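Asker: I'd like to go over a predicted model; first the sequence, then the structure.
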Amino acid sequence: MFNSVSIGQYYPGDSFFHRLEPRIKIGLITIYVISLFLLDSFWGYLIMTLFTMTVIFTSRLPLKLMLRGLKPLYFILAFTLLLHIFFTKGGTVLFRWKKISIESAGVISGLMMTWRLILLVMTSSLLTLTTSPIALTDAIEGLLSPLKPIGVPAHELAMMMTIALRFIPTLLEEAEKIMKAQMARGADFESGNLIQRAKSMIPLLVPLFISSFRRADDLALAMEARCYRGGKGRTRMKVHKVTSLDWLTLGGFAGTMAVLVWLGI
Amino acid sequence: MSIIATNLTHIYSPDTPWTAKALDDVSLEIQDGEIIGLIGHTGSGKSTLIQHFNGLLKPTAGSVQVQGIKVEKGINLRRLRQMVGLVFQYPEHQLFEETVAIDVAFGLKNAGLPREEIPERVEHALGAVGIDYETFKDRSPFELSGGQMRRVAIAGVLAMEPEVLILDEPTAGLDPQSRNDLLGHLRRIQQERGITLIIVSHSMDEVAAMVNRIIVMDKGKIYAQGHPGEIFRHGQELRQIGLDVPPLTQLMFALRAKGQDLPADILNLEEARAAIGKWRKGGQASV
């Protein structure tokens, strides 16, 4: 039953966007998101949509996957749209019934806001879709390391994330094993009301917690035994190097966005 | 009444890139009261096979019948699981309650046994694995030793008084003393209750002396089955599928290879001592 869970959402590939240095990728997406909030016209949105679509198609990401990523947001999207349609006033009146009216400015701003949200979510998910979790943690460590002098534990944070990611499949396997063992003792995880079901999770969760703590202890000991001493002076097996192409991409994109914002599109 | 598997096939995650055929057309029959050693190295399909016996897995093709109940969708799993007790590898990892007694009673409560009958069953089950009820019932299962934890966990399954008891690698990770204790308890439980006992293991040595029949599995199929003595006679072929016969049998083989007249189906130390004694007398006589 746990087989359907994929770890992170990484969709392997070898496209230009896949190969961009992860730190640069985070930079690009940050610039994109900022610009998206500064731009405020149909043409601006259209250009941003083109950017997103180009990346999706060149990375060979199935559109279905992208749309599935929007699923949890359906409610918020609908809510935003309706809020604007009913409460933003201005322009010509399209519909009136007693005190309720729908005006053209409301419809336009509703559609624009929804569009903006969709672009925002789709584009930020491009980061996790095209970057492996490990590369992503490395990038986060890299970006945080300038903050080390003021006490940000960059390496420790990245290490914690890496370990957490590494143990997700192990824990799922363990959970399945314990579940089966308890089912063999007649435990029932599937029927009953909400409270009964929550209660029936205790025989699964208690052993799972205990084994997680034991594993954490073992891992800490094993790391100690191999003289792990934290970030200082550690080298990496896989070094991410920012190439001139990476810089060029970042510079070019930042320039384009600056021009668009300056033109007020 | 017995366990009958007919052309049983099990495929994990069919129609996905991770599809794996764990059981391939397995047919076998286990009679009531038999003691079976199910042997095979990792990935041979033995764990998959036993999970069919209590309905944790359902056949992809073929069928399994346990005590006349066909294992398929929609059957009364509770009854089946009470009848077939399955003890997983490292069963001590399933302990979760505050006290030993409550943990052992977990299965009984799930089975809906009347409250007043539970303590007696728990006491009986703990006694069967050599854990004193009065001393241990109120202790936390997490302050016990490894061997004790394992026996408490096995008691949790025994308490349901199953007709078939299946144990997956029951002695894994135990020291020799606890290992012998545990196997001794199992043998006694089997004799007293006349239940069917299936012990899954990758070590011939461990099960040789106590089982009636060994079933050897390899790559999802039954490779061989028969009385331990019979199986050990094929030591050479067993080695090819990554299994080893017990050291005593190996000794006999080595001596036979040197042209000595010794039996190839030795199961325990007593038999070996008798055979070697006889051989030495014979040898001296001919000198």
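Answerer: Great, that's in hand.
Asker: and the helix or strand containing B:Met252, what does it pack against?
Answerer: If you go by DSSP states H and E, B:Met252 is part of helix B:247-257. Helices and strands touching helix B:247-257, by 3 or more C-beta pairs under 8 Å, 6 or more residues apart in numbering or on different chains; DSSP states H and E, are helix B:204-208, helix B:235-240, helix B:269-286. Backbone N, C-alpha and C define where each C-beta goes, glycine included.
Asker: most neighbours per residue, which of those helices?
Answerer: Neighbour counts averaged per stretch over the helices and strands packed on helix B:247-257 are highest for helix B:204-208, at a mean of 20; criterion: mean count of other C-beta atoms under 10 Å in any protein chain shown.
Asker: tell me what it is packed against?
Answerer: Based on contacts counted as 3+ C-beta pairs under 8 Å, 6+ apart, the elements that helix B:204-208 packs against are strand B:35-39, strand B:196-201, strand B:213-218, helix B:228-232, helix B:247-257.
Asker: out of these, which is closest to A:Tyr74?
Answerer: Distance to A:Tyr74, taken as C-beta to C-beta, is lowest for strand B:196-201 among the helices and strands packed on helix B:204-208, at 48.4 Å.
Asker: tell me if that closest one is near chain A.
Answerer: No: contact between strand B:196-201 and chain A, assessed by C-beta under 8 Å from any C-beta of the partner chain, is absent, since the two come no nearer than 13.5 Å.
Asker: parallel or antiparallel, list what pairs with that strand.
Answerer: Applying DSSP bridges, strand B:196-201 is found paired with strand B:35-39 (parallel), strand B:164-168 (parallel).
Asker: Serialize those strands to CSV and add fields for mean neighbour count and mean pLDDT.
Answerer: Formatted as CSV, the entries for the strands paired with strand B:196-201 read as follows, by neighbours: other C-beta atoms under 10 Å in any protein chain shown; pLDDT from 0 to 100:
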stretch, mean neighbour count, mean pLDDT
strand B:35-39, 25, 93
strand B:164-168, 24, 94
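Asker: closest one to B:Thr196 among those?
Answerer: For the strands paired with strand B:196-201, the distance to B:Thr196 is smallest for strand B:164-168, at 4.4 Å, taking C-beta to C-beta.
Asker: does the helix or strand containing B:Arg150 reach chain A?
Answerer: Applying DSSP H and E as the criterion places B:Arg150 in helix B:146-158. Yes: using C-beta under 8 Å from any C-beta, helix B:146-158 reaches chain A at B:Gly156, B:Val157.
Asker: quick check: mean pLDDT across the helix holding B:Met252?
Answerer: If you average the pLDDT over helix B:247-257, you get 82.
Asker: C-alpha coordinates for that helix, PDB please?
Answerer: Extracted as PDB, the C-alpha positions of helix B:247-257 are listed here (Å, rounded to 0.1, in the frame of the first residue of the first chain):
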ATOM      1  CA  PRO B 247      28.500 -28.900   9.700                       C
ATOM      2  CA  LEU B 248      28.000 -32.400  10.900                       C
ATOM      3  CA  THR B 249      26.600 -33.500   7.500                       C
ATOM      4  CA  GLN B 250      29.600 -31.700   5.900                       C
ATOM      5  CA  LEU B 251      32.000 -33.700   8.100                       C
ATOM      6  CA  MET B 252      30.300 -36.900   7.000                       C
ATOM      7  CA  PHE B 253      30.600 -35.900   3.300                       C
ATOM      8  CA  ALA B 254      34.200 -35.100   3.700                       C
ATOM      9  CA  LEU B 255      34.900 -38.500   5.300                       C
ATOM     10  CA  ARG B 256      32.900 -40.200   2.600                       C
ATOM     11  CA  ALA B 257      34.800 -38.400   0.000                       C
END
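Asker: quick one on the thing from earlier: among the helices and strands packed on helix B:204-208, which comes closest to A:Asp14?
Answerer: Among the helices and strands packed on helix B:204-208, strand B:213-218 comes nearest to A:Asp14, with 39.4 Å by C-beta to C-beta.
Asker: so for that closest one, mean pLDDT?
Answerer: Strand B:213-218 comes out at a mean pLDDT of 92.
Asker: buried sites along it?
Answerer: Of the residues in strand B:213-218, those with enough neighbours to count as buried (16 or more other C-beta atoms under 10 Å in any protein chain shown) are B:Arg213, B:Ile214, B:Ile215, B:Val216, B:Met217, B:Asp218.
Asker: farthest-apart pair in the residues you listed, please.
Answerer: Across the buried residues of strand B:213-218, the two members that end up farthest from each other (C-beta to C-beta) are B:Arg213 and B:Asp218, 16.7 Å apart.
Asker: so what touches stretch B:53-61?
Answerer: With contact meaning C-beta atoms under 8 Å, 6 or more residues apart in numbering or on different chains, stretch B:53-61 is reached by A:180, A:183-184, B:3, B:7-11, B:14, B:48, B:51-52, B:64, B:66, B:71-73, B:75, B:77, B:80-81, B:83-86, B:164, B:166, B:198.
Asker: return the distance of the helix holding B:Met252 from the chain's centre.
Answerer: Its chain's C-alpha centre and that of helix B:247-257 lie 26 Å apart, by C-alpha atoms, centre = their mean, to the nearest Å.
Asker: ok, now stretch A:119-135?
Answerer: On C-alpha atoms, centre = their mean, the centre of stretch A:119-135 falls 6 Å from the chain's centre.
Asker: who's in contact with B:Phe44?
Answerer: Wrong residue type there; residue B:44 is Ser, not Phe. B:Ser44 is in contact with B:Met217, B:Asp218, B:Lys219, B:Gly220, counting by C-beta under 8 Å, 6+ apart.
Asker: need those in a markdown table with distance to chain A, can you?
Answerer: Shown next, in a markdown table, are the contacts of B:Ser44 (distance: C-beta to the nearest C-beta, whole Å):
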| residue | distance to chain A |
| --- | --- |
| B:Met217 | 20 |
| B:Asp218 | 24 |
| B:Lys219 | 22 |
| B:Gly220 | 19 |
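Asker: let's have these in CSV, adding distance to A:Pro146.
Answerer: Conversion of those to CSV gives the following (distance: C-beta to C-beta, whole Å):
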residue, distance to A:Pro146
B:Met217, 58
B:Asp218, 58
B:Lys219, 55
B:Gly220, 55
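Asker: buried ones in stretch B:257-270?
Answerer: For stretch B:257-270, by 16+ other C-beta under 10 Å, it's B:Leu262, B:Pro263, B:Ala264, B:Ile266, B:Leu267.
Asker: same check on stretch B:98-105?
Answerer: Buried, per 16+ other C-beta under 10 Å, within stretch B:98-105: B:Val100, B:Ala101, B:Ile102, B:Asp103, B:Val104, B:Ala105.
Asker: helix or strand with the lowest mean pLDDT in chain B?
Answerer: Every helix and strand of chain B was ranked by mean pLDDT, DSSP states H and E. The lowest is helix B:269-286, at a mean of 75.
Asker: CA-only coordinates of it in CSV, if you can.
Answerer: As requested, the backbone C-alpha atoms of helix B:269-286 are provided in CSV (Å, rounded to 0.1, in the frame of the first residue of the first chain):
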residue,chain,number,x,y,z
LEU,B,269,25.3,-35.0,17.4
GLU,B,270,24.0,-38.3,18.9
GLU,B,271,23.6,-39.9,15.5
ALA,B,272,27.0,-38.7,14.4
ARG,B,273,28.6,-40.1,17.5
ALA,B,274,27.0,-43.5,17.1
ALA,B,275,27.9,-43.6,13.4
ILE,B,276,31.5,-42.6,13.9
GLY,B,277,31.8,-45.1,16.8
LYS,B,278,30.5,-47.9,14.6
TRP,B,279,32.8,-46.8,11.8
ARG,B,280,35.9,-46.8,14.0
LYS,B,281,35.1,-50.2,15.3
GLY,B,282,34.7,-51.5,11.8
GLY,B,283,37.9,-49.8,10.7
GLN,B,284,39.9,-51.3,13.6
ALA,B,285,38.5,-54.7,12.9
SER,B,286,39.8,-54.5,9.3
